[in-house]
Structures are given as structure tokens and as C-alpha cells.
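Novice: Give me a 3D structure for the following:
(chains A and B)
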Amino acid sequence: MKIKVKLIGPLIYETGFSEKEIEMAGAPTVEAVLALLAISTHRPKIITRNGKAVALHELLENGDTLAISPIYSGG
Amino acid sequence: MYGWTGNILRVNLTTKTYKKEPFSEEFAHKWVGGRGFASKILYDEVKPGTDPLGPDNKLIVALGPIAGIPAPNTGKCVVAAKSPLTGFYGDGNLGTRVSEQLRKAGYDAMIVEGKADRPTMIYIEDNKVEFLPADAVWGQGTYATNDWIYGKYGAGVGVLNIGQGGENMNRFAVIRSLEGRAGGRPGIGAVMGSKLLKAIVVKGTHPIPQADPAAMKALGIGDLKKVHKIDQETGWSKQSTTGVLQFCNEVAGLPVRNFRKTQHPEAWHIDGERLNNARVATYGCPNCTMRCGITIHDDAGHESELDYENIALLGSNLEIFDLPQVGCLNYLCDEYGLDTMSAGCVLSFYADAVDHGATDGDFKFGDAIRAKQLLHMAAHREGKVGNLLADGSLRMARAFGHNSEAYAMQVKGLEVAAYNCKFIPGQALAFGVSPIGAHHREAWIITFEINHTTRESYGPEKAAKVIELQRIRGGMFEFLVACRFPWIELGWPLDNYPKYFNTITSLNWTLDDMWATADRVYSMIKLNYLREFPNTDRKADYPPAVWFDPSNADKEGPIAGKVLELDKYDGLLQHYYDQRGYDSRGIPTKATLSKVGLDAEAAEAERFATLT
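Specialist: Numbers count the residues shown, from 1 in each chain, chains lettered A, B, ... in the order given. Below is the predicted model:
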């Protein structure tokens, strides 16, 4: 299935891209996508699927957009 | 008494006189500094009904015990006055060398009274105060004024100045300092202008009194290095505050088209990644090791320093997605000395009002060229339209009628910061109960709402979070006077701040002492408000009506079909009042005021209004 991944803020520079579409077999969890892209879960992040918060264990569906962001605090 | 100089400088522009007034240890411990000093002094000295743009209003410049000390991030000062935009206490903070220089000159605060008889600059050097003509730069922008001052005194002095916006008493004019620093959103720059005061320049030569200077130096400089290291490791300052634009766009919280939309497919053109790519310089405040001022060349070739609030409100909110054009609008606001947030909301309201037939006009969303002309007109109060714009969105709406107040994006007259709360109830509450109007400085809980509770909730946990953050953001950082960014953006632990405070003062305060002081200061601001608006009710704490309008719901996206619900919002507001100890109007009860040590101030308020 195809998942669009968007990275926000400093994660772009750690990972080397800001947005790309990835192909994964089956119905991967959010955690599996992070592992595939070697995105560290070391620092707190907020992850949304189609604009809504999603947990690491949740399964993704074809066409989902996953946005991964540091925890912003509104300046 | 360590940590405070123990003196306030009182300057009278009418009589060209000044005096150094000592304050007591009790006053210092009760109000600490910054917003604490300012809210108390204005309550005592500016009587209700005073014309904010008349000579009886007073401008306060206030610092706190850690202001100007080398430590994270202490290069800030608070400016305050009765606001010409909101009609009650207003303030703001800005990065400036005044934080250090005024303290070295021997003062923790300054009160400016009266009105000069010609454009004037106040020059302070220790015990000497001079009233100098500023005709040469009257009519000039803030950059030229700053250069003129540096040419006279060198670049090491502390400077506060205004542009044409302040001179012409635009109600959202700010005070400016350094390259990109601005503060005093509720028209504090207009108060300076009303006094014909173009600039304040400060040079101090004495050490700031501290209990243990050597220990503080080691602690502060060591911590500045640690903060810098965290910033480098996290990469926060690659995009600084602007990273949040894509986040807001993703979760349907971005202001687009006067907040009518919450997302836009073109938003990436003005996001943090594009901004970082276009960066030509980086600026920061004194005593900062995580500099956030990303500067680009605007479409006219000026250097323009941008942050999230101005790219969102002068960009997406006006449907302008060209970064150099947004940069130019921002540059013009800085040059004229206008608040970028209110400017963005005022322009978007005007376009929306034209769009909805509430007024005639030729301004449309997306028109950057006309937006630049309108900013010029607003700063100079040119013509009918310039005068309307200069008075802010609430007054414009009342002039236009046609129910346009519903989409004037403001609370208590102060325009909303760049977070679209069409369906973010807790942040809508944060704007509603911000003590000075819709400022994001007091509390920002959007990630909490999305990540730790549910967006749909109107529960007491959101009211509690708003209060927790108000005590920190609008409280402790505003009376100690330091920038909140090391804590809020990099996770620098909060307990460092009582450590700095105690090292400087030799006191033994805990964070709980900070929160108690924060509650006192908030209550003080509420009494300032009540005395001006004795017939107030809870509706003053409602956000703009358009956020409750089902016809304004998004048609698609994560919040499709949803808007705030008024009865539920009112319930959330009641949670806030209950937890705060406020009455059903949103005013602290007598018991609450007594608990925070404001019995005398309560008695004064009862001369004008009812307390319960």
C-alpha cells in the first residue's frame, strides 16, 4: 500500500526529506513506518494520520497521509 | 535587597523633570518585576476613564530580577500602558539591550508621564536624564531611527523606538528595538507616539546588584552553553517558530482567508523549510544562544525577519503564498512599527468585509500589492480607509455594521494570534481568557488537545492546562522577565528559573511561589479590566462568533463539518472560572483576591464596580 509521509521542522534535516510516498506490504503500523524511515522515537513527537493524532501501534490504510512533527508549543 | 536595584525612574515629558524613586523590599517580593510591576503601577496611577492616548496615560518599561543577567534568555523587557486598542491594561515584551542597560543605570523600571511639546528622545545615562529633540527622525521608520541613534551613541546602548505607526497613533502600533524585535501588541507604541516620544535610549555603567555574582555568572554562562547544545542537537533553530506552520496546516489549525479556512494546499510555499532555504541572516536577542530571527530578502531587497505568527497572518490568512511578498509586508510592519499579527487580522477582516458586502472597497484576498498600500495608509492614517484600519478590527466592524463583528478576529479588541480555533476548544478558551485580549503568549495548548486529550473535549482538563500555562508563560516569564523559548521549545527545565532567581536575590523561592505570584498578577490585571468595564460579563471571554457558525465549517479535511459549540464552550469557560476562583463574569471573587493578597486593590475596585 502507498503511504504519504510528511516530516515537519527539524526532522527534515535529520532524515533528509520533507515529503515522500512510500510503498509497504500489508497494513503496517505507524511504528513500522518510523522504523523503515529510521526516524528515531527518542525525542517526543506528535504524529497525525490525515490530520488526526495516531498512536504508534495503529494500523495504516492505503492512501493515508502520516505527518510526523516535533512537539510544538506555540512559541 | 539583592537582585533589584531598588529604584524606579519617573520621567515627566511635560515638565522635563525626572526623579529616582526607591521601592520597598515588600513591593519587590510581592510584584517581582516586569508585568507584576507594570500592572500594579498602572492600577495605582492611571485612573479608570483615562484617555489612553492622552497625557494622563503612563508608559511603563519594567524589568525583573533576572533581566539582563547573562543566563537563558534574559534579554527582554516588558512595556505596558493603558491600551488604546482594548481600553484597559495592555503589555508586551521585546528583546532589547534595555534589559541590561536600564538595570546597569540603576533602575528596575521606568514610568513615563505627560506629553512632550515637540518630538523628543529621552537619553538616560545612570543618574542623568536628558530630553533631546527628535525632529530629525520624526516621520522616519524604525530602522532609520535605530541607525540615527546608533550613529550618536554606538550600537551598545539600549533602544526603544517607534515608527510612523506609533507617531500617528495607530492603535496596534508597537515599540521596536534591535533588528527585528517588537513588543506591546495592544498599541503601546501609539502611547509613546501620543506623548511625542520617539525613542528612549539607555546606557548604564554600574554592575547589577546580585547576592552572588560569581555563582550567577558560572551558572548563567554554563546554562547558556547547555541551551545552545540542545538547540544544535534538536535542530530547532533551523526553522525556529516557523516549523509550526506545516503542523497547523496538517491538523486544520492554520488561519486562511480571515480564519474562514483552516488549511491550504499552497501553504508549503511559505513554510519553515522554504524560509530556512531563503535565509540570509539570523538575529537574536541579547543573552540568547538559540537565535530565532530568520531573515530573508523581501521582494524589494530589504532584510525581513520572519517568525510563524507573521508568515501565517500576513501570508496564509491573506491568501498570499509568495514568501518574498510576505516578507515585504512583514518588513513594512517592522519599519512602520505596527504589530504584524493585528496588521494581518485587520487586513484579512477588511478583505472579508468587502467580500461579504459589509463595506465598499477594492481589497481582495491574495492582493499583496494593495496590502502594502493599505499598511502604509494604516501607519499614516491616510484617508478614511487608513483611519479605519488604524483603529483595529473591532472598531472597523462597529463602523461597518452588517454583523461583521462576528468575523472580526479579536477578543476584547486585541486581534487573535495565528491559530485557527474553529475546532480547537481549549485554545479558543486560551484566547478568550487571556487577560489582555487574544494573545497566544499566555497559553498555547493545541498539541496537548490533539495528543493528550481529545480535540472534541470541553472538559476541565483543558481549563486546568490553560491555567498551568498561564502561570508559567503569562506569569513567571513575564515578571522575572525572560524569554520562555528555552523551556517551551527545547525543554529546558522550569526549575532552573527559581534557581537563577534565588542565586541573584538570596531568597529561597520554589516554583509554587512563582505560581502564587502569577495568580496575584493575573488578578491585578483582571481588576485593571473590571475598573474600566464595570458592567462586563462572561461574553467578553467568548472568542469570535464565526468559530461557532456551522455555515463556516470546513467542507473537507480532519474537522469537516465541525465548529465550536457555544453551550459547550460556555461550560469550558465555567470550568476555568471555577478552577481560578472567578465569579460567573470571569472576575476574581473577593475570597480569591484576598488569597492572593489584593484586599486593598479589591477595595479600590469596589469604588467603581461590584465584587462578589
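
Novice: per-domain residue ranges of chain B.
Specialist: B:7-203, B:235-419 (automatic domain parsing).

Novice: Can you give me the neighbour number for B:Gly184?
Specialist: By other Cβ atoms under 10 Å in any protein chain shown, the residues close to B:Gly184 number 31. Using the backbone N, CA and C atoms, a C-beta is placed for each residue, glycine as well.

Novice: quick one, helices of chain A?
Specialist: A:11-15, A:30-36 (DSSP state H).

Novice: Can you spell out which helices and strands pack onto the shortest one?
Specialist: Using 3 or more Cβ pairs under 8 Å, 6 or more residues apart in numbering or on different chains; DSSP states H and E as the contact criterion, the elements in contact with helix A:11-15 are strand A:65-70.

Novice: ok, now how distant is B:His376 from chain A?
Specialist: 28 Å (Cβ to the nearest Cβ, to the nearest Å).

Novice: Tell me the first helix or strand C-terminal of the worst-scoring helix or strand of chain B on mean pLDDT.
Specialist: Within chain B, confidence by mean pLDDT, DSSP states H and E is lowest for helix B:446-451 among all helices and strands, at a mean of 91. Later in the chain than helix B:446-451, the nearest helix or strand by DSSP states H and E is helix B:460-469.

Novice: on that earlier part again, ok, is the least confident helix or strand of chain B in contact with chain A or not?
Specialist: Yes - Helix B:446-451 comes into contact with chain A (Cβ under 8 Å from any Cβ of the partner chain), by way of B:Ile446, B:Thr447, B:Ile450, B:Asn451.

Novice: How about stretch B:456-464?
Specialist: No - between stretch B:456-464 and chain A, judged by Cβ under 8 Å from any Cβ, nothing touches; the nearest distance is 10.8 Å.

Novice: May I have the distance across that stretch, first residue to last?
Specialist: 16 Å (Cα to Cα, to the nearest Å).

Novice: Now tabulate the helices of chain A in CSV and tack on mean pLDDT and mean neighbour count.
Specialist: Shown next, in CSV, are these (pLDDT from 0 to 100; neighbours: other Cβ atoms under 10 Å in any protein chain shown):
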stretch, mean pLDDT, mean neighbour count
helix A:11-15, 92, 18
helix A:30-36, 94, 17
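
Novice: can I get these in CSV with distance to B:Leu388?
Specialist: Shown next, in CSV, are those (distance: least, Cβ to Cβ, whole Å):
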stretch, distance to B:Leu388
helix A:11-15, 42
helix A:30-36, 50
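
Novice: Determine which of the ones you listed approaches B:Pro435 most closely.
Specialist: Checking the helices of chain A against B:Pro435 by Cβ to Cβ gives helix A:11-15 as the closest, at 35.2 Å.

Novice: give me phi/psi at B:Gly183?
Specialist: With angles defined as degrees, to the nearest 10, B:Gly183 sits at phi -160, psi 160.

Novice: Tell me who's in contact with it.
Specialist: By Cβ atoms under 8 Å, 6 or more residues apart in numbering or on different chains, the residues touching B:Gly183 are B:Cys77, B:Val78, B:Val79, B:Gly92, B:Asn93, B:Leu94, B:Val174, B:Ile175, B:Ser177.

Novice: Check these against chain A and report the nearest one.
Specialist: Using Cβ to the nearest Cβ, B:Asn93 comes nearest to chain A of the contacts of B:Gly183, at 12.6 Å.

Novice: for the closest one, which residues make a bridge with it?
Specialist: B:Asn93 has these beta-bridge partners by DSSP bridges: B:Val78.

Novice: Of all the residues in stretch B:397-413, which ones are buried?
Specialist: Going by neighbour count (16 or more other Cβ atoms under 10 Å in any protein chain shown), the buried part of stretch B:397-413 is B:Ala397, B:Phe400, B:Ser404, B:Glu405, B:Tyr407, B:Ala408, B:Met409, B:Gln410, B:Val411, B:Lys412, B:Gly413.

Novice: Apart from its neighbours in sequence, what residue is nearest the last one?
Specialist: By the measure of Cβ to Cβ, 6 or more residues apart in numbering or on different chains, the closest residue to B:Gly413 outside its immediate chain neighbours is B:Thr86, 4.0 Å from it.

Novice: Would you check that the one you found makes contact with B:Ser434?
Specialist: No - the criterion here is Cβ atoms under 8 Å, and B:Thr86 misses it with B:Ser434 at 10.7 Å.

Novice: shared neighbours, those two?
Specialist: Contacts common to B:Thr86 and B:Ser434, judged by Cβ under 8 Å, 6+ apart, are B:Leu414.

Novice: picking that back up, let me have the buried residues of stretch B:397-413 in TSV, extended by pLDDT, distance to B:Trp138 and secondary structure.
Specialist: Compiled in TSV, the buried residues of stretch B:397-413 are given as follows (pLDDT from 0 to 100; distance: Cβ to Cβ, whole Å; DSSP: H, G, I helix; E, B strand; the rest coil):
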residue	pLDDT	distance to B:Trp138	secondary structure
B:Ala397	98	32	helix
B:Phe400	98	32	helix
B:Ser404	98	35	helix
B:Glu405	98	35	helix
B:Tyr407	98	37	helix
B:Ala408	98	32	coil
B:Met409	98	33	coil
B:Gln410	98	30	strand
B:Val411	98	34	strand
B:Lys412	98	32	coil
B:Gly413	98	28	coil
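
Novice: tell me the contacts of whichever residue of the stretch 351-500 of chain B sits closest to chain A?
Specialist: Of all residues in the stretch 351-500 of chain B, the one sitting closest to chain A is B:Trp444 (2.7 Å; Cβ to the nearest Cβ). Listed by Cβ under 8 Å, 6+ apart, the contact partners of B:Trp444 are A:Ser73, A:Gly74, A:Gly75, B:Tyr419, B:Gln427, B:Ala430, B:Leu469, B:Arg473.

Novice: Over to B:Pro544?
Specialist: B:Pro544 touches B:Phe259, B:Ala406, B:Tyr407, B:Ala408, B:Met409, B:Gln410, B:Val411, B:Val416, counting by Cβ under 8 Å, 6+ apart.

Novice: mind running it again at 10 Å?
Specialist: B:258-259, B:345, B:349, B:393, B:397, B:405-411, B:415-416, B:421-422, B:428, B:431-432, B:438, B:564 (Cβ atoms under 10 Å, 6 or more residues apart in numbering or on different chains).

Novice: before we move on, what about B:Arg370?
Specialist: B:Leu347, B:Tyr350, B:Ala351, B:Gly361, B:Asp362, B:Phe363, B:Lys364.

Novice: Can you pick out the most distant pair from those residues?
Specialist: B:Leu347 and B:Asp362 (12.9 Å).

Novice: out of the two, which sits in the busier spot?
Specialist: The neighbour count for B:Leu347 versus B:Asp362, taken as other Cβ under 10 Å, is higher for B:Leu347 (27 against 10).
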